[in-house]
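K.L.:
Below is the structure, and that's it, no one-letter string:
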């Protein structure tokens, strides 16, 4: 199976059905790796069979196999039931993203216990898919989570509300600009798009004395994708003393555009060289 996976060879349907009935864990793990090269229908069929397998490792591998697939009715029903009855938070967090393609078919009541789950990773995973396909019916779930002490949960809820037209993240920053969750709020701002007001706010935090706050502002600015900020990020990086912060500023520029960042760095080095100021940087 490992050789067949490397060569992406085609296995006859009869052999695929035989492998689905395999009980050896190591063989099954190798088969799931191979299954990534199957057709969409074959992947769906494989997932239906192996999601019922008693080995937790196999169930977790199947989650990655389903990534990007549109679940049919049978598999959706199976995934929903598995999430509802699962006692393993790690498996739950791997299963939840696969609901993304069929969110309109899932009732709101199904998500309510997930966003209130005792494990914050489960909460965050649920809000992650809801914020990517925000619908008005999810508003109460987002509102319930904006005061969460968990950064990812709080951030996803704030982004979800922003995408539903509620700029509560800006209100939070105005009333508590140096609060406990400032980095979480800046992280959320990075997912709100290219709103000029958002970008101006992020730029204002680039000079913050706390390197973690300044770094998060730089990374969030990078997420907005506006190329006009590349030179500013790189120039600031050159003057920063903190290596961690310097790396964050450069990474923010790279997130916007690797090619444009490389050209800007080349231009800056040429300017410094011509002005004989290169040693100062």
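P.N.:
Sure thing, it's come through. This one's a predicted model, so the numbers in the text were calculated from it and none came from an experiment.
K.L.:
Okay, buried residues for the helix or strand encompassing residue 91 please.
P.N.:
Taking DSSP states H and E as the definition, residue 91 sits inside helix 89-95. When neighbours are counted by 16 or more other CB atoms under 10 Å, the buried residues of helix 89-95 are found to be 89, 91-95. C-beta coordinates here come from the backbone N, C-alpha and C atoms, glycine included.
K.L.:
elements contacting whichever helix or strand comes after it?
P.N.:
The first helix or strand that comes after helix 89-95 along the chain, using DSSP H and E, is helix 108-115. Counting contacts by 3 or more CB pairs under 8 Å, 6 or more residues apart in numbering; DSSP states H and E, helix 108-115 is packed against helix 73-85, helix 120-132, helix 139-145.
K.L.:
And the buried residues of helix 89-95, which is closest to residue 145?
P.N.:
The closest of the buried residues of helix 89-95 to residue 145 turns out to be residue 93 (CB to CB; 15.9 Å).
K.L.:
For residue 198, see how far away the closest one is.
P.N.:
29 Å (CB to CB, to the nearest Å).
K.L.:
Could you do residue 104 as well?
P.N.:
Distance, residue 104 to residue 198, using CB to CB: 29 Å.
K.L.:
Looking only at neighbour counts, state which of those two leads.
P.N.:
Remark: of residue 104 and residue 198, residue 198 carries more neighbours, 22 against 8, as counted by other CB atoms under 10 Å.
K.L.:
Thought residue 186 was touching the more buried one, still the case?
P.N.:
No - between residue 198 and residue 186 there is no contact under CB atoms under 8 Å: 10.2 Å.
K.L.:
Skip the chain neighbours and tell me the closest residue to residue 164.
P.N.:
Of all residues not flanking residue 164 in the chain, residue 134 sits nearest, at 5.1 Å (CB to CB, 6 or more residues apart in numbering).
K.L.:
In three-state terms, label the one you found for me.
P.N.:
coil (DSSP: H, G, I helix; E, B strand; the rest coil).
K.L.:
number of nearby residues for it?
P.N.:
18.
K.L.:
Kindly report the same for residue 263.
P.N.:
Around residue 263 there are 12 residues (other CB under 10 Å).
K.L.:
and the helices and strands packed on helix 108-115, which is most packed in?
P.N.:
Among those, helix 120-132 has the highest mean neighbour count (mean count of other CB atoms under 10 Å), at a mean of 22.
K.L.:
Packing partners of it?
P.N.:
Applying 3+ CB pairs under 8 Å, 6+ apart, we find helix 120-132 packed against helix 89-95, helix 108-115, helix 139-145, helix 151-163.
K.L.:
Counting by contacts, list what the third one packs against.
P.N.:
For helix 139-145, the packing partners by 3+ CB pairs under 8 Å, 6+ apart come out as helix 108-115, helix 120-132, helix 151-163.
K.L.:
Let me have the ones you listed in CSV, extended by distance to residue 11 and mean pLDDT.
P.N.:
Shown next, in CSV, are the helices and strands packed on helix 139-145 (distance: least, CB to CB, whole Å; pLDDT from 0 to 100):
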stretch, distance to residue 11, mean pLDDT
helix 108-115, 36, 96
helix 120-132, 32, 96
helix 151-163, 40, 93
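K.L.:
and those helices as CSV, adding distance to residue 3?
P.N.:
Listed next are the helices and strands packed on helix 139-145 as CSV, based on distance: least, CB to CB, whole Å:
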stretch, distance to residue 3
helix 108-115, 41
helix 120-132, 35
helix 151-163, 40
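K.L.:
who wins for proximity to residue 16 among those?
P.N.:
Between these, helix 120-132 lies closest to residue 16; by CB to CB that is 30.0 Å.
K.L.:
ok and the closest one relative to helix 108-115, angle-wise?
P.N.:
Note on geometry: by axes from the mean of the first three to the mean of the last three CA atoms, to 10 degrees, helix 120-132 and helix 108-115 are set 140 degrees apart in direction.
K.L.:
Thanks a lot, see you next time.
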